[in-house]
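In: starting from these lines, generate the structure:
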Amino acid sequence: MINLNGSLLPNDQNIFKSANRAFLYGDQLFETLRFQDGKLLFWEDHYFRMMGGACMLRMEIPEHLNIEFLENEIIKTLKASNLFEYTSRVRLSLYRSDGGFYLPTFRSLEYLIEVDELIEKGRYSPIFIDANIPENAHLNWTVVDANTNTPVPGMENRNGQHVDLSVVDWKVHQALRLVIHFATNELGQSPKLYGISGGGKFHNSFSSDVQELGWEFHNASWNELNLNLSGTEDSTLYSPLFNLNMPFSEFKLDYSSQGIPDAYYALDHGNWMPFSPSNTMHSLDGSASVIQFKFCLLYTSDAADE
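Out: Predicted structure coming up:
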């Protein structure tokens, strides 16, 4: 999403006319910022440098365009773009309103906020394929170098829903594509693909029997028609072991349910630890590579993500 004068718009929205002064005369200022760990780094320095430049260009700065207002607008844009939990690049542009030639008709300001996830160069994170694969049907995948369109050695015609990209040499293969092939079984049943999660994310859509996805439950039952799991006050649900094959130091859990179950997590096959799954990032004291979740006092659950 982009933010044009407070309005959130799609990234591909046409927003400028040919009379835009930033385009015609370079009558604009911009700052590029880094957003990390919930903070805009060196935000005050960026803001006052931009305001100083606006004064030198004799732009009229409206009172509401203060440091708190613009920070809130940037945060709003990051959240609308689902980037608040990630390291991101923010570009804040100020430009004069349309009108005039070299001498502007108006001195009032407009602003544009653009955000993108900041992907650092380095080791690739795993990919998780959320799919339902009937017995004797096949879902095979191949990792391809996007620049040469050739398979990455050791990553051709593989199966399984976990694609461990951490073993790929990112210096040799600087851009990748994932090619997926489907094959039906003798009954004509084909795998169903529900989603692909990158960046070390795991997603289970609960679109088929959760036991086939590696989930375990006690004193609960799976409803195939409604695609949900129903239980009583003494029900327990265990997630599969999520193995990233690389260290992580924080996690976030999103899920939907009726009722509020008690939630626990275990790291590297260790002890269960309680936590509050409030859709926020949870930082660990150290690092781990395997995580599992447990839910108790479960009433009804119809989705779970990690």
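In: hey, let's count contacts and neighbours off CA atoms from now on
Out: OK.
In: longest strand in this structure, please.
Out: strand 282-296 (DSSP state E).
In: buried residues in that strand?
Out: Buried residues in strand 282-296, counted by 16 or more other CA atoms under 10 Å: 288, 290-296.
In: partners of it in the sheet?
Out: Within its sheet, strand 282-296 is paired with strand 228-238 (antiparallel), strand 242-251 (antiparallel), strand 262-267 (antiparallel), according to DSSP bridges.
In: how far off centre is stretch 274-289?
Out: Relative to its chain's centre, stretch 274-289 lies at 17 Å (CA atoms, centre = their mean, to the nearest Å).
In: ditto for stretch 199-211
Out: For stretch 199-211, the distance to the chain centre is 16 Å (CA atoms, centre = their mean).
In: span of that stretch from start to end?
Out: 25 Å (CA to CA, to the nearest Å).
In: how about stretch 175-188?
Out: End to end - CA to CA - stretch 175-188 spans 35 Å.
In: now swap in stretch 136-151 and tell me
Out: 25 Å.
In: am I right that Ala22 is in contact with Tyr95?
Out: Yes: using CA atoms under 8 Å, Ala22 is in contact with Tyr95, at 6.0 Å.
In: of the two, which one has the most company?
Out: Tyr95 (22 against 18; other CA atoms under 10 Å).
In: and the more buried one, how far from Gln28?
Out: On the measure of CA to CA, Tyr95 and Gln28 end up 4 Å apart.
In: need the overlap of contacts for these two.
Out: Common contact partners of Tyr95 and Gln28 (CA atoms under 8 Å, 6 or more residues apart in numbering): 21-22.
In: any idea how far the helix or strand harbouring His181 is from the chain center?
Out: Secondary structure assigned from DSSP states H and E places His181 in strand 176-183. Between the centre of strand 176-183 and the centre of its chain there are 21 Å (CA atoms, centre = their mean).
In: could you do stretch 244-256 as well?
Out: Distance, centroid of stretch 244-256 to centroid of chain: 12 Å (CA atoms, centre = their mean).
In: tell me the mean pLDDT for it?
Out: Averaged over stretch 244-256, pLDDT sits at 79.
In: okay, buried residues for that stretch please.
Out: Buried residues in stretch 244-256, counted by 16+ other CA under 10 Å: 244-246, 248, 253, 255.
In: likewise for stretch 165-179?
Out: 165-166, 168, 176.
In: stretch 113-130 now?
Out: 113-117, 124-130.
In: kindly report the domain assignment for this structure.
Out: 2-117, 121-201, 208-306 (automatic domain parsing).
In: lowest average confidence across those, which one?
Out: Lowest mean pLDDT within the domains of the chain: domain 208-306, a mean of 78.
In: just to revisit the earlier point, between the buried residues of stretch 165-179, which is nearest Leu33?
Out: Leu33 has its nearest neighbour among these in Leu176, at 27.3 Å by CA to CA.
In: isn't the closest one right up against Thr148?
Out: No: counting by CA under 8 Å, Leu176 sits too far from Thr148 to count as a contact (9.6 Å).
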